[in-house]
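A.B. asks: Structure for this input, please:
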Amino acid sequence: MGIIRVRKWMIAAGVLGLLGLLVVVVISRFYVAYADGFISRRELDERLNHVQFAYDLHTRGTLATDKAYAESSARSILEQLIVERFLLREAVARGVAVTAEERTAHVNAVREWVVQQYFTDDAKAFEEALATLGLAVADFDEYVADSLLIYRLRSQLSEGITVSEADARAYFEANRQAFNLPEMIRLRHVLVAEEREATGLLRSLRAGEDFAAVARKFSRDIVSAELGGDLNWRRRGEFPEAFEAAAWALARVNDISEVVKTAQGYHIIRLEGKQPLRERTFAEVQELVRERLREGREADLWDTYLAELRRRYRIFIFSH
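C.D. replies: Modelled structure (predicted):
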């Protein structure tokens, strides 16, 4: 029987390897990444809750609500958290600053807008929605304040971007169609639940009854009903197929459609106006062209800057 000789350095290497593995296991219980400093699981969990809160607001009242949205996107959210850590350090290094007064004003403005927009000015409901995700108003405020500092950093980086007239003209010539005014249509409509009711209203309207008054009284489309059924100016493709076909078939102002059935119910449509497609000159849109080109260059500069940051710092992700 042969004898296997194990040298001391082999034993030491094995022990060190095992210890290294144990260290990684222990670290990964409390931290999710190293990005020039450790990022704890608690930090990531808080960020996931912020993202879930924002997602819940965005999808409020729709069928798209997903209570596990943030968790299912944890890896990309962690990567964003890492990038933001670098950006906040860069802001400090570059002397980007936000005064206490600016911070307070910005945080209050954002919080008040969210409360008004999504909670009908009910601050208590806002606090309760945060609490269901383990967040406090102070957490929300801190998150918003950090975003202001990053915005200031981006603005500083973009200060040197200029767009010459020659550049703007070249961009316009290469993208003329994007600056055309599209064909548009303006409509009023009445929406009811029953075909019989729609047919009766159509007879009354064609007999001369005021369309706006009928829409205010009978239409189930609450938003447009308050405006006398007015749907404002719209482009092609903004309505359900049957509604779209009937609306664009109307030829003259004040023409009224037949009853049109969609998933929402039964519509009667009146044409208020039509605008044909119009090509615009460079002189008409030069400021818009400059702004669009500047935004594109700013986005490219920002992407390049983020890529350079990722290369500069050491990043190790332990989970997700």
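A.B. asks: going forward, measure contacts between C-alpha atoms and count neighbours the same way
C.D. replies: Will do.
A.B. asks: Contacts only, for Tyr266.
C.D. replies: Leu191, Val192, Ala193, Glu194, Glu195, Ala198, Val259, Val260 (Cα atoms under 8 Å, 6 or more residues apart in numbering).
A.B. asks: do you know how far the fifth one is from Gly265?
C.D. replies: So the one you mean is Glu195. Using Cα to Cα, to the nearest Å, Glu195 is found at 8 Å from Gly265.
A.B. asks: go on, the first one?
C.D. replies: According to Cα to Cα, Leu191 and Gly265 sit 6 Å apart.
A.B. asks: Looking at these two, which one has more neighbours?
C.D. replies: Neighbour comparison, Leu191 and Gly265: the larger count goes to Leu191, with 26 against 16 (by other Cα atoms under 10 Å).
A.B. asks: Hmm, the more buried one is touching Ser219, no?
C.D. replies: Yes: contact criterion Cα atoms under 8 Å: Leu191 and Ser219 qualify, at 4.7 Å.
A.B. asks: The stretch 51-200 of the chain: helices as residue ranges?
C.D. replies: In chain order, the stretch 51-200 of the chain shows helices spanning 69-72, 74-93, 100-119, 123-131, 137-157, 165-174, 195-206, with DSSP state H, counting those that start in this stretch as the criterion.
A.B. asks: that older thread, can you select the buried ones from the contacts of Tyr266 in PyMOL?
C.D. replies: Buried residues among the contacts of Tyr266 (16 or more other Cα atoms under 10 Å), as a PyMOL selection:
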select buried, resi 191+192+198+259+260
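A.B. asks: Show me which of the contacts of Tyr266 is closest to Leu153.
C.D. replies: The shortest approach to Leu153 among these belongs to Leu191, at 49.7 Å (Cα to Cα).
A.B. asks: tell me the pLDDT at that closest one?
C.D. replies: Taken from the predicted model, the pLDDT recorded for Leu191 is 96.
A.B. asks: Return the residues in contact with it.
C.D. replies: Taking Cα under 8 Å, 6+ apart, one finds Ala198, Ala215, Phe218, Ser219, Arg220, Asp221, Gln264, Gly265, Tyr266, His267, Ile268 in contact with Leu191.
A.B. asks: can you tell me which of those are in helices?
C.D. replies: Using DSSP state H to define helices, the subset of the contacts of Leu191 located there is Ala198, Ala215, Phe218.
A.B. asks: Nearest to Arg235 among those?
C.D. replies: When the ones in helices among the contacts of Leu191 are compared for distance to Arg235, the smallest value, 22.0 Å, is given by Ala215; criterion: Cα to Cα.
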